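Here is a sequence together with a model predicted from it:
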Amino acid sequence: MEIKPIKSEKDYTKALKRLEVIFDSEPGSVNGDELEVLGILIEQYENEHFPIGLPDPIEAIKFRMEQMGYSQSDLANIVGLKSRASEILNKKRKLTLEMIRQLHDILKIPTDVLIQSY
């Protein structure tokens with residue numbers, strides 16, 4: 001097992017190829033330990049070089065509503081009025097601090113997603 005930091009695209013490609021070879025290794029084995037450490041190094045490289053931004057707040061609300069089987073009426077129960085829910089989903093009304101709190105508490109959407117500009 002030879003593990004080195006991933007410093008370049010070439011190192012990254014090599015690490016991904018090695019990961020494919022040892023992917024089904026047993027936890028606790030030599031290859032299993034290599035898999036775990038290699039996974040951490042790959043994740044760190046990807047986070048630095050291929051960052052993924054936060055989703056659009058309204059798209060996050062729509063996605064979470066779909067996951068939970070919620071309708072616009074259910075959202076209206078959270079934000080107050082059906083017309084308000086429609087305005088929010090169509091990006092015609094901004095979220096208030098109280099709405100953000102309610103959406104976070106009920107839909108479990110992280111507040112850092114909800115407070116972004118859109």
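Alright, I've got the coordinates.

wait, doesn't Pro57 sit right on Lys91?
No - judged on C-beta atoms under 8 Å, Pro57 makes no contact with Lys91 at a distance of 9.3 Å. C-beta coordinates here come from the backbone N, C-alpha and C atoms, glycine included.

So which of those two has more stuff around it?
Neighbour totals were compared for Pro57 and Lys91, and Pro57 leads with 22 against 12 (other C-beta atoms under 10 Å).

The helix or strand hosting Gln67 - contacts with which helices or strands?
Using DSSP states H and E, Gln67 sits within helix 57-68. Applying 3 or more C-beta pairs under 8 Å, 6 or more residues apart in numbering; DSSP states H and E, we find helix 57-68 packed against helix 72-79, helix 82-89, helix 97-107, helix 111-114.

buried sites along stretch 56-70?
Pro57, Ile58, Ala60, Ile61, Lys62, Arg64, Met65, Tyr70 (16 or more other C-beta atoms under 10 Å).

could I get the residues you listed as a markdown table with distance to Thr96?
Formatted as a markdown table, these follow (distance: C-beta to C-beta, whole Å):
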| residue | distance to Thr96 |
| --- | --- |
| Pro57 | 12 |
| Ile58 | 14 |
| Ala60 | 16 |
| Ile61 | 14 |
| Lys62 | 18 |
| Arg64 | 18 |
| Met65 | 18 |
| Tyr70 | 19 |
